[in-house]
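Peer 1: Need coordinates for the below:
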Amino acid sequence: MRTIVLGGGGHALVLIDAMHPKPVAVLDAQRRDETILGVPILGGDDLLDQLIAAERLTHFAVGVGAIGRTDTRQRLYDYGLAQGLSSLTVVHRTAVCAESAIIGAGAQIFAAAVVNPLAQIGNNTIINTGAMIEHECIVGNHVVVASGAILSGSVQVGEGSFIGAGATIIQGVSIGKAAIIGAGAVVLTDVPSGETVVGVPARPVQEKDR
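Peer 2: The predicted model follows:
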């Protein structure tokens, strides 16, 4: 298995640390001729086509995280698949995933995260450091669950949503697509698609506050 990481920066650092074996290279047009944990950054995404044959690449991993919108992660994921590569699923050695949990292609589950029985994690979704996904949660594709967030039992999170650091979503709540849950928020009721909520208890952000 030979893997390329698409996108550098802080998230790529955490990702590469969790990967075994290490990737062949990183592609990031903003950080050419640098390294991340000893892995070379070769240039932009435009190099991928020639590298697939030259480096006998088989897999890719998305090295870009998100704060808020997850569009860039989705774009890079779709780009890697379009090049004929498989999306690498990464689970840190200290993460705990129940045997009955379903982990999607390209999902990334980092240090000390917990995914409990019958939970489902979508494709290209991040479960970040110390986050907890309780029993029977359904987390859609391209979601980012930030560090220390807690999804209580049977929570549903729609595609492309962002759950901020330390947020808590109470049991049975549904989060719509492309919603944003602010850091530290406590979500007691369903959140519609596209809505941003913050605070304790969580409330919608008014247009004047955006």
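Peer 1: center of the protein - which residue?
Peer 2: Nearest to the mean C-alpha position of the chain, by Cα atoms, centre = their mean, lies Ile126 at 2.2 Å.
Peer 1: Show me the beta-bridge partners of that residue.
Peer 2: Under DSSP bridges, the beta-bridge partners of Ile126 are Gln108, Val144.
Peer 1: I'd assumed Val139 was in contact with it.
Peer 2: No - using Cβ atoms under 8 Å as the test, Ile126 is too far from Val139 to be in contact (9.8 Å). Backbone N, C-alpha and C define where each C-beta goes, glycine included.
Peer 1: shared neighbours, those two?
Peer 2: Common neighbours of Ile126 and Val139, counting by Cβ atoms under 8 Å, 6 or more residues apart in numbering, are Val145.
Peer 1: ok, the residue nearest to the centre of the chain to Thr3 distance?
Peer 2: Ile126 sits 17 Å away from Thr3, going by Cβ to Cβ, to the nearest Å.
Peer 1: what ranges of the chain fall below the confidence cut-off?
Peer 2: Scanning the chain with the threshold set as pLDDT under 70 gives 207-210.
Peer 1: mind redoing it with 90?
Peer 2: In the predicted model, the chain carries pLDDT under 90 at residues 9, 29-33, 45-46, 66-68, 206-210.
Peer 1: residue ranges of the helices in it, please?
Peer 2: Counting by DSSP state H, the chain has helices at residues 10-18, 48-54, 71-82.
Peer 1: Of those helices, which is nearest Val115?
Peer 2: Closest of these to Val115 is helix 10-18, at 14.6 Å (criterion: Cβ to Cβ).
Peer 1: re the thing from before, deepest-packed of the helices of the chain, please.
Peer 2: helix 10-18 (a mean of 19; mean count of other Cβ atoms under 10 Å).
Peer 1: Run the angle between that one and helix 71-82 for me.
Peer 2: 50 degrees (axes from the mean of the first three to the mean of the last three Cα atoms, to 10 degrees).
Peer 1: tell me the domain boundaries of this structure?
Peer 2: Here the domain assignment for the chain is 3-87, 90-199, based on automatic domain parsing.
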